[in-house]
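# Just to be clear, the model below is a prediction. Sequence and coordinates:
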Amino acid sequence: MGNYTREEILAMAEEEDVEFIRLQFTDMFGTLKNIAITARELPRALDNQCVVYGSHIAGIVGEKEPDLILYPDYNTFSILPWRPQQGKVARLICDMRRADGSEHEMSSRYILKKTAQAAEEAGYTCYVDPECEFFLFHIDDNGMPTTVSHEKAGYLDVSPVDLGENARRDMVLTLEDMGFEVESSHHETAPAQHEIALHYGEAREMADEVITFKMAVRTVAKRHGLHATFMPKPRREVNGSAMHIHFSLFKNGKNIFVDPEDPSRLSEEAYYFIGGLLAHSREMTLITNPLVNSYKRLVPGFDAPTELTWTRNNQNSLVRIPRVNGADTRIELRSPDAASNPYLVFAVCLAAGLDGIQKKIYPTKASNRSLSESDQKEQGIENLPENLREAITLFEDSSWMKEILGEAFCKQYAQAKRKEWLRYSQEISDWEIEEYLYRI
């Protein structure tokens, strides 16, 4: 992302022959929305003069005054490299505000901004490093996505076994053209599954990057005749896709998670941050794992967390400490998936960690193996919610979530998810037909 002034954006748009600008924003679930304007309208947009009618946008539905003013973030100006080189298309990510210019409490970008500012006022800067996993599937003759892939590649395999290598390389090059710093890319554990890891940045910047990343990956995949999906568990028999998130916290320019004298090289603040994540994880799982399908991934046996424990090497633990030291010390949360809204995920995770520091919540002893049910009961260790319905109930019952996200936001979010669960629970699945139709 750049650091631009109004005049620089206008000059770049003219120099680069930009004809259309997408003013982008997200709804409460992180779904990307936009309105396209011509270059002639760009000065008005940069002066916050663009209005959209928000009555059909999740989070704004039912508002008495649904008009939204779009406030472009100048630093997010970027030319979309996959569009025609004559008559180029650029984009700006915008904040949604009310007609009087005040911040909109239903804006997830504002919620993260508010949370990050509270951390900064306490002297902390949070850096985030997301690892986004996705599947590349074939498209059928009608142009519809499938869950079919002919490749058999596994973890870190290369071509010709990895049939998605060319598409993945094109994705990385496209992201770099847009100003991203990509740390690495590789084939993941399941056939047709891939990961691209982004270089760390401040929480607000990285949430913008995740939203843009998903748009770019899906666009490039389509150009290769493939469908990229961030659905957490599209195939039952293989690992699902996660968005593992690495957090580090800096104060006065130093990583405060480091203590060379500690056996695990972790500071007290690091332990408290872990404690906060574990303490709040169940009530915030609706945010980190927002779909019915999310909970098909969070099961034992598929390298996904289920236990509220922390570790260096147990794949079933919620929190992991990567084997890096010094300024690179970080804490990895393994439950989120990329179907989530990154603005909300980063906000609640940062708030949970800081709550742990403020209240000095010390975590349970590190667990380097999966625990039996009796071990968990003996140690008082709980599991993540087993399904969306349980996650909704925990979310609704949480006064802490209302404090972080706002009561109105929580109410609308939970209502929408309850409707989703109801639709799912009333559906007659293929499994039910196969299991019961013949013999009952």
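Okay, I see it. Residues are numbered from 1 along each chain as shown.
# check contacts around the residue sitting nearest the centre point of the chain.
Central residue of the chain (Cα atoms, centre = their mean): residue 342, 3.4 Å from the mean position. Taking Cβ atoms under 8 Å, 6 or more residues apart in numbering, we find residue 342 in contact with 30, 130, 206-207, 210-211, 243. Using the backbone N, CA and C atoms, a C-beta is placed for each residue, glycine as well.
# ok, now residue 252?
Counting by Cβ under 8 Å, 6+ apart, residue 252 touches residue 123.
# again, only using 10 Å
Counting by Cβ atoms under 10 Å, 6 or more residues apart in numbering, residue 252 touches 123-125.
# Quick check: can you list the domain ranges of the protein?
Domain ranges of the chain: 6-102, 114-385, per automatic domain parsing.
# quick one on the thing from earlier: ranking the contacts of residue 342 by neighbours, who comes first?
For these, the largest neighbour count, defined by other Cβ atoms under 10 Å, is 28 neighbours, found at residue 207.
# Could you find the closest non-adjacent residue to it?
residue 342 (4.2 Å; Cβ to Cβ, 6 or more residues apart in numbering).
# Flag the shaky bits of the stretch 251-400 of the chain, pLDDT-wise.
Filtered on pLDDT under 70, the stretch 251-400 of the chain yields the residue ranges 369-380.
# Mind jotting down where the helices sit in the stretch 251-400 of the chain?
Secondary structure of the stretch 251-400 of the chain (DSSP state H, counting those that start in this stretch): helices located at 268-288, 294-297, 342-359, 373-379, 388-396, 399-405.
# oh, I was asking about the stretch 51-200 of the chain
All helices of the stretch 51-200 of the chain, identified by DSSP H, counting those that start in this stretch, fall at 108-121, 165-177.
# so of these, which one's packed in deepest?
Comparing the helices of the stretch 51-200 of the chain by mean neighbour count (mean count of other Cβ atoms under 10 Å), helix 108-121 ranks first with a mean of 19.
# could you redo the helices of the stretch 51-200 of the chain as TSV and give each row distance to residue 252?
TSV is the format used below for the helices of the stretch 51-200 of the chain (distance: least, Cβ to Cβ, whole Å):
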stretch	distance to residue 252
helix 108-121	12
helix 165-177	32
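# The ones you listed: which one's closest to residue 260?
Among these, helix 108-121 comes nearest to residue 260, with 24.7 Å by Cβ to Cβ.
# And that closest one, what does it pack against?
Counting by 3 or more Cβ pairs under 10 Å, 6 or more residues apart in numbering; DSSP states H and E, the packing neighbours recorded for helix 108-121 are strand 18-26, strand 88-97, strand 124-138, helix 203-223, helix 342-359, helix 399-405, helix 407-425.
# just the ones you listed: most buried one?
Each of the helices and strands packed on helix 108-121 was scored by mean neighbour count; the highest is helix 342-359, a mean of 24, by mean count of other Cβ under 10 Å.
# Quick one: low-confidence residue ranges for the stretch 1-150 of the chain.
In the stretch 1-150 of the chain (pLDDT under 70), the answer is 1, 61-62.
# please redo it, this time with the cut-off set to 90
Counting by pLDDT under 90, the stretch 1-150 of the chain shows low-confidence ranges at 1-3, 53-56, 58-67, 83-87, 99.
# Residue 18 contacts residue 42, correct?
Yes - between residue 18 and residue 42 there is a contact under Cβ atoms under 10 Å: 8.0 Å.
# where do the contact lists of the two overlap?
With Cβ under 10 Å, 6+ apart as the test, residue 18 and residue 42 both reach 9-10, 77, 90.
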